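Colleague: coords please:
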Amino acid sequence: MKKVISLALLMACSQIAMASECPDLLKFAKRKLNSQEVVNMCDAYKGKTMLFVNTASKCGFTPQFEGLEALYSKYKDDGLVILGFPSNDFNQEFGNEKETAELCELTYGVKFPMFESISVRGDDADPLYAMLAEKAGSEPKWNFYKYLVNKNGDMVESYSAFTKPDNEDFVSDIKAALAL
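Modeller: A predicted model of the protein is given here:
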């Protein structure tokens, strides 16, 4: 009986230690787009270089999905993950997740993880995006605002919607973050 209790205590302590090793930006659970599946961000993305992007389906920057998917395809095996968060903060997102998912998957072939629609700025900002804005020193100014976070959970840089996924400086920053 003592061995069972000791083993349970050891397992509980190791789980607490593992949770404390998780970067603050990953201490969230988010629901996948148009799904009931919830992703523990720490379990799924710890140790990865992450690019957080607030997206919109009816925006002039929506074609960036194609470039983001190309980046993801090229660098995912090196440890890059792109995390898309649809947002209607700028009144350019569909009213339902099914339409958003169809646009992402069918029109742009998006395979990187897309999550439920959230608010990304202001008093109603999702806690994840409030933390991203705090760490970067700026909240999204428009759709397709990007936050690059290294595998240790440290903010590298934020980028405006005008920064295209194939921008040389942007890609160089991603490569440098992956090389850490």
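
Colleague: list the residues that contact the most centrally placed residue in the chain.
Modeller: Residue closest to the mean C-alpha point of the chain, counted by CA atoms, centre = their mean, is residue 83 at 2.9 Å. By CB atoms under 8 Å, 6 or more residues apart in numbering, the residues touching residue 83 are 45, 50, 51, 52, 53, 112, 113, 115. Just so you know, the C-beta spots here come from the backbone N, C-alpha and C atoms, and that holds for glycine as well.

Colleague: nearest to residue 60, of the residues you listed?
Modeller: residue 53 (15.2 Å; CB to CB).

Colleague: which helices and strands sit right next to the helix or strand that contains that closest one?
Modeller: Per DSSP states H and E, residue 53 falls inside strand 49-55. Counting contacts by 3 or more CB pairs under 8 Å, 6 or more residues apart in numbering; DSSP states H and E, strand 49-55 is packed against helix 64-75, strand 80-86, helix 127-136, strand 146-149, helix 168-179.

Colleague: which SSE is immediately downstream of the shortest one?
Modeller: Looking back up the chat, that one is strand 146-149. Sequence order places strand 155-159 as the next helix or strand after strand 146-149, per DSSP H and E.

Colleague: distance of residue 98 relative to residue 86?
Modeller: Separation of residue 98 from residue 86 (CB to CB, to the nearest Å): 12 Å.

Colleague: so between the two, which is more surrounded?
Modeller: residue 86 (25 against 11; other CB atoms under 10 Å).

Colleague: which one is that one nearest to, not counting chain neighbours?
Modeller: residue 117 (4.3 Å; CB to CB, 6 or more residues apart in numbering).
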